[in-house]
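In: Generate a structure from the sequence data that follows.
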Amino acid sequence: MRARLASLTVTPREFERVAQVALVALTLIVLTGAAVRLSGSGLGCPNWPRCYGHVYPPLDTHALIEFSNRVVGAIVGVVTIVAAAAAWRRRPFRRDLAWLALLLPLGVVAQAVLGGYTVEEKLAPGFVMAHFALSMVILIAAVALVWRAREADDRARYNADRPAVWAVRALSPLAVIVLFAGTAATAAGPHSGGAVGQLIKRLHFDGAGTLNLVIHAHGALAFGFGLVSVVVWVMLERRQAGASLRRAVSLLCVLIAVQGIVGTVQYETHLPSELVWVHVALATLTWLCVLWSVAAAGRLEPRARRNTAQIRP
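Out: Numbers count the residues shown, from 1 in each chain. Here you go, the predicted structure:
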């Protein structure tokens, strides 16, 4: 029995790969979910967890698309369960990784429940926006898990450059605001998630001008976020921050620039669903890059530790 248990142990390198697979899977489900909405298949299966009262979908395009996303979600759930189990079988065992990994399947379960309510509420804007927001929250745990799995122990790397750490961290709330504005723009736009003939509620707090108002607000916020990101990049270059941190922020600036181009083109072409999907995909990658930048910046070095290091010489 002991021999069998010993054979189930996971090495640090193996666990790192499992964590990476879980991160990719959790990113993939965001993109497939966006495809469901943009294809008008949000109510392809009007009830949950069954589809038209059956465990399998009818031979209808929208139903098959929606049901396929549910299948992908189930697969992602299995992947996260494997990651959580692997964290507890990792040797040497690390409590921080075990708790982070446990958040992934719990997050998937929460997404499934929220997704069910979203369908039952006929894709009400608030539920759809919350569904996407929860995906972004789960990605925080997934990125943290991958990053911490790369460390030799559970002691996070400290960074003595406090201004650099705070500057990079300041990008996170700005990114959250831009993402929220983006979800509001989608909720007010023509891609409600429903098929032709289905009446789906949209944001309309400013009447017919809601979409135009939200889109311009989103664009202005994204532009400001891009400017701040460039300022942070210049600051890191001048302070000669770590190479991995500078690469992450450089990539972030590039993604924001590409996002701006795609967003402008999709607005001028009256929001074609294909470009909107690309915009959502880039937004997800941008969020991942923000998280990676924060992780690469490291933790603030405690003042007591810094003072001790200065006294020793």
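In: any idea how the chain splits into domains?
Out: Following automatic domain parsing, the chain resolves into domains at 8-154, 156-304.
In: The stretch 1-150 of the chain: helices as residue ranges?
Out: 2-7, 12-38, 61-89, 95-120, 125-150 (DSSP state H, counting those that start in this stretch).
In: Enumerate the positions of the second one that are buried.
Out: In other words, helix 12-38. Within helix 12-38, the residues that count as buried by 16 or more other C-beta atoms under 10 Å are 15-16, 18-20, 22-23, 25-27, 29-30, 32-38. For glycine as for every other residue, the C-beta is placed from the backbone atoms N, C-alpha and C.
In: Next, the angle from that helix to helix 61-89.
Out: In terms of direction (axes from the mean of the first three to the mean of the last three C-alpha atoms, to 10 degrees), helix 12-38 departs from helix 61-89 by 160 degrees.
In: likewise the last one?
Out: Computed with the same axes, to 10 degrees, the direction of helix 125-150 lies at 30 degrees from that of helix 61-89.
In: Just give me how far helix 125-150 sits from the chain centre.
Out: Offset of helix 125-150 from its chain centre (C-alpha atoms, centre = their mean, to the nearest Å): 4 Å.
In: Make TSV from the domains of the chain and add mean pLDDT to it.
Out: Formatted as TSV, the domains of the chain follow (pLDDT from 0 to 100):
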stretch	mean pLDDT
domain 8-154	91
domain 156-304	89
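In: re the thing from before, nearest to P190 among the helices of the stretch 1-150 of the chain would be which one?
Out: Across the helices of the stretch 1-150 of the chain, P190 has its closest neighbour in helix 12-38 (10.0 Å, C-beta to C-beta).
In: tell me what the closest one is packed against?
Out: helix 61-89, helix 95-120, helix 125-150, helix 273-297 (3 or more C-beta pairs under 8 Å, 6 or more residues apart in numbering; DSSP states H and E).
In: Out of these, flag the one nearest A160.
Out: Among the helices and strands packed on helix 12-38, helix 273-297 comes nearest to A160, with 11.6 Å by C-beta to C-beta.
In: Go through the closest one and flag the buried ones.
Out: Buried residues in helix 273-297, counted by 16+ other C-beta under 10 Å: 273, 275-297.
In: for stretch 75-89, same thing?
Out: 76-77, 79-87.
In: Just put those residues in CSV and tack on distance to A144.
Out: Formatted as CSV, the buried residues of stretch 75-89 follow (distance: C-beta to C-beta, whole Å):
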residue, distance to A144
V76, 18
G77, 19
V79, 17
T80, 14
I81, 18
V82, 18
A83, 13
A84, 14
A85, 18
A86, 16
A87, 12
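In: And for the spatially most central residue of the chain, nearest residue in space, chain neighbours not counted?
Out: Centroid check for the chain by C-alpha atoms, centre = their mean gives M136 as the closest residue, at 3.2 Å. Excluding the flanking residues, the one nearest M136 by C-beta to C-beta, 6 or more residues apart in numbering is W287, at 5.7 Å.
In: does the one you found really touch V178, like I thought?
Out: No - look at W287 against V178 with C-beta atoms under 8 Å: they stay out of range, at 9.3 Å.
In: give me every residue that touches the nearest residue in space to R91 that is not next to it in sequence.
Out: Closest residue to R91 apart from its sequence neighbours, by C-beta to C-beta, 6+ apart: T9 at 4.7 Å. T9 makes contacts with 89-91, as judged by C-beta atoms under 8 Å, 6 or more residues apart in numbering.
In: now with 10 Å?
Out: T9 sits next to 86, 89-93 when contact means C-beta atoms under 10 Å, 6 or more residues apart in numbering.
In: What separation do you get for it and G115?
Out: 35 Å (C-beta to C-beta, to the nearest Å).
In: now do L134
Out: Relative to G115, L134 is positioned 9 Å away (C-beta to C-beta).
In: Between those two, point out the one with more neighbours.
Out: Neighbours per residue (other C-beta atoms under 10 Å) separate L134 from G115, with G115 holding more: 20 against 17.
In: re earlier: wait, which of the helices of the stretch 1-150 of the chain is closest to T264?
Out: Of all the helices of the stretch 1-150 of the chain, helix 12-38 comes closest under C-beta to C-beta, at 18.7 Å.
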